[in-house]
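In: coords please:
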Amino acid sequence: MIRFNCHQCGRLFTVRDQDAGRRANCKTCGADVTVPSASEPVELHAGASTPAHASAAAAMSGADTGATATIAPETPRRIPMRIRRLLSDAEQMRSAFKDFPAIKVVSMEGDPPELYRIEYNVKSLDRGKKPNQPVSRDNHLVEIQLTSEYPRQSPKCRMLTPIFHPNIDPATICVGDHWAAGERLVDLAIRIGEMLAFQAYNIKSPLDAEAAMWADLHATELPTDTRDMRPADLD
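Out: Numbering: from 1, shown residues only. Here you go, the predicted structure:
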């Protein structure tokens, strides 16, 4: 394929190699353009908008006889809904927690991101070495994986650091019962922070029965962190 710019407006075109030497009119500005040969050096630069691709049949018809034809831009591809959602999630996560002390996005993986590691500077509990005697822990690392079924299905969330909580075990953070496809990823990240702070927990159907029993017996000591886990400027 040959790629070249309109010499007048800069619009980028892509045509077949066999169209080299043919003439046409740029549909953007109307200028006469000649397709360079495949071996001819061409300096490409950004055009007026998105790149345009010429159809060999329609854009170059009649060029051999000296007649001119219009090079028509290709219709822009529609971005799939899931990709748009992932891009929106990434931008919201960057913006919401950019300067927020309690929650920090440590890393995003994928293009667009589908794997997040989030640091929580929240006062919570670690199991400790003695039964039913948890110890305080102020720093936590959480992994959020957006599966191929996201957002229809909830993300897979797990702790990467020790925790003592009724609704969290080493493999799972129990968020599925509360998930809806319309929920934003930033809101889920905030909800996990509220869980870590014992502002939100459920002792009736626990993942960790020992932690649920402890929380039931020490309800007056909870939450462990009373700060608002939602950034003040978040809509």
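
In: Which parts of the chain are helices?
Out: 56-59, 81-96, 185-196, 209-217 (DSSP state H).

In: ok, Pro223 to Pro36 distance?
Out: Distance of Pro223 to Pro36, given as C-beta to C-beta, to the nearest Å: 69 Å. Quick note: C-beta positions are derived from backbone N, CA and C, even for glycine.

In: What residues of stretch 228-235 count as buried?
Out: 229-231 (16 or more other C-beta atoms under 10 Å).

In: Now do the end-to-end distance for it.
Out: 14 Å (C-alpha to C-alpha, to the nearest Å).

In: how's the chain carved up into domains?
Out: Domain ranges of the chain: 2-71, 81-221, per automatic domain parsing.

In: comparing those, which gets the lowest mean pLDDT score?
Out: Mean pLDDT is lowest for domain 2-71 among the domains of the chain, at a mean of 65.

In: Could you say which of the helices of the chain is packed most deeply?
Out: Each of the helices of the chain was scored by mean neighbour count; the highest is helix 185-196, a mean of 22, by mean count of other C-beta atoms under 10 Å.

In: Show me what that helix is packed up against.
Out: Applying 3 or more C-beta pairs under 8 Å, 6 or more residues apart in numbering; DSSP states H and E, we find helix 185-196 packed against helix 81-96, strand 103-110, strand 113-120, strand 140-145.

In: Pipe these into JSON lines and attach distance to Arg191 per row.
Out: Formatted as JSON lines, the helices and strands packed on helix 185-196 follow (distance: least, C-beta to C-beta, whole Å):
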{"stretch": "helix 81-96", "distance to Arg191": "13"}
{"stretch": "strand 103-110", "distance to Arg191": "11"}
{"stretch": "strand 113-120", "distance to Arg191": "12"}
{"stretch": "strand 140-145", "distance to Arg191": "11"}
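
In: Quick one, which of the ones you listed gets closest to Leu160.
Out: strand 140-145 (4.1 Å; C-beta to C-beta).

In: Identify the residue spatially nearest to Pro231, adjacent ones excluded.
Out: Once flanking residues are discounted, Pro231 sits nearest to Phe100: 4.8 Å by C-beta to C-beta, 6 or more residues apart in numbering.

In: again with Cys9
Out: In space, and not counting its chain neighbours, Cys9 is closest to Cys29: 4.0 Å by C-beta to C-beta, 6+ apart.

In: number of nearby residues for that neighbour?
Out: When neighbours are defined as other C-beta atoms under 10 Å, Cys29 has 14 of them.

In: What distance do you get for it to Asn5?
Out: The gap separating Cys29 from Asn5 is 11 Å, by C-beta to C-beta.
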